[in-house]
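# after the sequence you'll find the predicted model.
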Amino acid sequence: MDALHSAGVLFAAALQSGPPWLGRFWLWVTALADPRCIFTLCFPLAYFLDRQVGVSVLWVGLLAEWLNVVLKWFLFGERPFWWVHESGLAGKGLLRLRQFPASCETGPGSPSGHCMITGAALWPLVTALRALAARRCRSRVVTLIPLATYTLLLLAVGLSRVFILAHFPHQVVSGILAGAALGWGLQAHTPVAHTPSFFAAAALALLLSSLALHSLAVATGIDIDWSIRLATKWCSDPAWLRRDTRPFASVCRDTGSALGLGLLAGFPLPRGERLGPRQRVASAVLALVALQALHRLPQPADATLWYGCSFAKYAAGPWLVASLLPRLVLALSRPRGTPHAE
C-alpha cells in the first residue's frame, strides 16, 4: 500500500502545483459535494421537482452515508494529510503540500464519502432528468446530458478531494463506483408510500446497528478512534478539526433524516391541496433558506448535547421542507374572500 499511497501523494502535489484559480475551483467543488448538502440542498430541490424523486434522493443518500461509515470503520483507510507525516515522506523535503480547512477530516479515508454519498444520492435525480429529457426531446444526445454531467461532477469531486489531501486516488475511485452502484440498486426500492412507523423503525435500526458494530469492533480490540488521534496530531490548524466530520455525526444525520421521513409521511399536505409551479418555486426557496438558517444555529459544546441537537435538526428538515413550508405557501397564496355586499 505504501507505493499506492506514495503515487497518490505525488498526484496530489501535481494538482496543488496548478494555477491559483484552479485551486479555488477545487475548494468550491469539495464544499459543494459535502454530504451535508444532500440533506440541505439536493433534497429540497429534488422534492419540489418531484416528490418521489426527492424522497429517493434523501433515502438513498442516508443509506449510502451509513454504509460509508461502516466501511470506513473496518477498512482503515489512511488520509494523505496525515500519512505523509506518519510515513516520513514529508520530512524528506521533496514535496511542498498544503492543507486546507476542509482537509482535516477525522474519520478514516476509505472509501471517499463525498464521492460515494453524492454519487448514490444524485443517481435517482439523474434517472428522473433522463426520463424527462426523453419525453420532451427525441435526441439521444440530450438524454445523455444528465448522465454526462453526473460523471463529470463525480470526477471533479474526486480530484478536489485528492487536491486538499483528504483522499488518495484509489479511495476516490472506490467511492465513485460504490456510489453509482448503490444509487442504481436502491432507487427502485425507495419506500415512498410507507407509514411513519416504517421510517421510525428504520431510524432505530440504523442507530442500534451502528452502536452494535462499534461495540463489536471495540470488543475485538480494534482501535476505532485511531483516525481521530492522527487527524488531531497532524492537522495544521486545530480550528480546522470539526466534530461534524466524525463517524457518529454521520450516524446522527442519517438516523435523524430517516425519522424526518417518518414525520413527512405522518404530516402530508391535505387531500386536494397541490402546489402549482410558482408555489413549488416559492416553497423550494423558502426551504433552502430555512434549512440554512436551521443548520447555522449554534451547537452546544457538550458532545452528547451536540449529537442530540444534530439529530433533532436533521429530523426536523424533511418535515419543514415537505409539510410546514408548503402549507405556509398555500395559505399565503389563497385569494382573500371578497366582503359581502350590504
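Okay, I see it. All figures in this text were calculated on a predicted structure; none of them were measured in a lab.

# number of nearby residues for the closest residue to Leu206 other than its chain neighbours?
Distances taken as Cβ to Cβ, 6 or more residues apart in numbering put Thr255 closest to Leu206, at 4.9 Å, once the chain neighbours are dropped. For the C-beta atoms, the positions are set from N, CA and C on the backbone; glycine is no exception. Here the number of neighbours of Thr255 (other Cβ atoms under 10 Å) works out to 23.

# doesn't Ala200 make contact with Thr255?
No: using Cβ atoms under 8 Å, Thr255 is not in contact with Ala200; the gap is 10.1 Å.

# convert the strand or helix carrying Leu154 to PDB, retaining C-alpha atoms only.
According to DSSP states H and E, Leu154 maps onto helix 140-163. Extracted in PDB, the C-alpha atoms of helix 140-163 (Å, rounded to 0.1, in the frame of the first residue of the first chain):
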ATOM      1  CA  ARG A 140     -30.200  10.800 -27.900                       C
ATOM      2  CA  VAL A 141     -27.600  13.500 -27.200                       C
ATOM      3  CA  VAL A 142     -30.000  15.500 -25.000                       C
ATOM      4  CA  THR A 143     -30.900  12.400 -23.000                       C
ATOM      5  CA  LEU A 144     -27.300  11.700 -22.300                       C
ATOM      6  CA  ILE A 145     -26.600  15.200 -20.800                       C
ATOM      7  CA  PRO A 146     -27.700  14.400 -17.300                       C
ATOM      8  CA  LEU A 147     -25.500  11.300 -17.200                       C
ATOM      9  CA  ALA A 148     -22.600  13.100 -18.700                       C
ATOM     10  CA  THR A 149     -23.000  15.900 -16.100                       C
ATOM     11  CA  TYR A 150     -23.200  13.400 -13.300                       C
ATOM     12  CA  THR A 151     -20.000  11.700 -14.500                       C
ATOM     13  CA  LEU A 152     -18.100  15.000 -14.800                       C
ATOM     14  CA  LEU A 153     -19.300  16.100 -11.400                       C
ATOM     15  CA  LEU A 154     -18.100  13.000  -9.700                       C
ATOM     16  CA  LEU A 155     -14.700  13.200 -11.500                       C
ATOM     17  CA  ALA A 156     -14.400  16.800 -10.300                       C
ATOM     18  CA  VAL A 157     -15.300  15.900  -6.800                       C
ATOM     19  CA  GLY A 158     -12.700  13.100  -6.800                       C
ATOM     20  CA  LEU A 159     -10.000  15.400  -8.000                       C
ATOM     21  CA  SER A 160     -11.000  18.000  -5.400                       C
ATOM     22  CA  ARG A 161     -10.700  15.500  -2.600                       C
ATOM     23  CA  VAL A 162      -7.200  14.500  -3.800                       C
ATOM     24  CA  PHE A 163      -6.200  18.200  -4.100                       C
END
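
# list the helices and strands it packs on?
Secondary-structure packing of helix 140-163 (3 or more Cβ pairs under 8 Å, 6 or more residues apart in numbering; DSSP states H and E): helix 2-16, helix 20-32, helix 113-136, helix 169-186.

# tell me which of the ones you listed is the most buried.
Mean neighbour count (mean count of other Cβ atoms under 10 Å) peaks for helix 113-136 among the helices and strands packed on helix 140-163, with a mean of 23.

# angle of it against helix 169-186?
40 degrees (axes from the mean of the first three to the mean of the last three Cα atoms, to 10 degrees).

# tell me what angle helix 113-136 forms with helix 20-32.
Using the same axes, to 10 degrees: helix 113-136 against helix 20-32 is 80 degrees.

# helices or strands next to helix 113-136 in the packing?
helix 35-37, helix 43-49, helix 51-75, helix 140-163, helix 169-186.

# do you know the pLDDT at Ala13?
Looking at Ala13, its pLDDT reads 94.

# and Gly256, what is it in contact with?
Contacts of Gly256 were listed using Cβ atoms under 8 Å, 6 or more residues apart in numbering, and they are Ala203, Ser310, Phe311, Ala312, Lys313, Tyr314, Ala315, Gly317.
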